[in-house]
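In: Generate a structure from the sequence data that follows.
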Amino acid sequence: MEIQVATLCDSAMDYNSKLCVLGTFDTIGSRAVPIVHPQAALALRICFREQDAGSHTLSIRLIDADGNNSMQPLEAAIDIAIPEGTEFITRNMILNFQPLQFKEAGTYAFEVSVGGTTLASIPVRVIVVDQAAQA
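Out: You can find the predicted model right below:
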């Protein structure tokens, strides 16, 4: 199992098995807490090979710098079947957040795991912007 794409973005969609991503980012700024980004998507493209066939549990967590959950973890059972004569298959997975909210500034990460093994960690920097310093 290999994650080919893992990004936080403004929006994403699956178009005929093509992953379309718009506005990838890693920093969210706000003038006050809680920090709210009105809409975001976590876009994943995963490649599965013959040895990945079977049932697995996919887990996505948003964690803070100390590894604590910042939202309830998302878990899904996935069943992988590789068609005969095929070396691999790919699947796009998109999670939309409306809104994406953080209680405080800091460094966070979306952690993507399958069967307890972390396959990707997508960092997110969340900052409070001092409006007076920009003037």
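In: can you give me the strands in the chain?
Out: Secondary structure of the chain (DSSP state E): strands at 2-15, 18-24, 27-30, 35-37, 40-49, 54-64, 74-80, 88-97, 100-102, 106-114, 117-128.
In: Switch those strands over to CSV; also include mean neighbour count and mean pLDDT.
Out: For the C-beta atoms, the positions are set from N, CA and C on the backbone; glycine is no exception. Output for the strands of the chain, formatted as CSV (neighbours: other CB atoms under 10 Å; pLDDT from 0 to 100):
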stretch, mean neighbour count, mean pLDDT
strand 2-15, 16, 97
strand 18-24, 14, 97
strand 27-30, 14, 95
strand 35-37, 17, 92
strand 40-49, 21, 97
strand 54-64, 16, 96
strand 74-80, 12, 95
strand 88-97, 15, 96
strand 100-102, 19, 93
strand 106-114, 19, 97
strand 117-128, 16, 96
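In: who touches the residue nearest the centre of the chain in this structure?
Out: Taking CA atoms, centre = their mean as the criterion, Leu42 is the residue nearest the geometric centre of the chain, at 3.7 Å. Applying CB atoms under 8 Å, 6 or more residues apart in numbering to Leu42 gives the contacts 6-9, 60, 94-95, 97, 110, 122.
In: measure it to Asn96 for me?
Out: Look at Leu42 and Asn96: by CB to CB, to the nearest Å, they are 8 Å apart.
In: cool, and Gln72?
Out: 16 Å.
In: again with Met71
Out: For Met71 relative to Asn96 (CB to CB), the value is 14 Å.
In: cool, Leu22 as well?
Out: Leu22 is 12 Å from Asn96, by CB to CB.
In: Pull up the overlap in contacts between those two.
Out: Ser11.
In: what sits opposite the spatially closest residue to Lys18 that is not a sequence neighbour in the beta ladder?
Out: In space, and not counting its chain neighbours, Lys18 is closest to Asn92: 7.9 Å by CB to CB, 6 or more residues apart in numbering. Note on Asn92: beta-bridge partners Arg45, judged by DSSP bridges.
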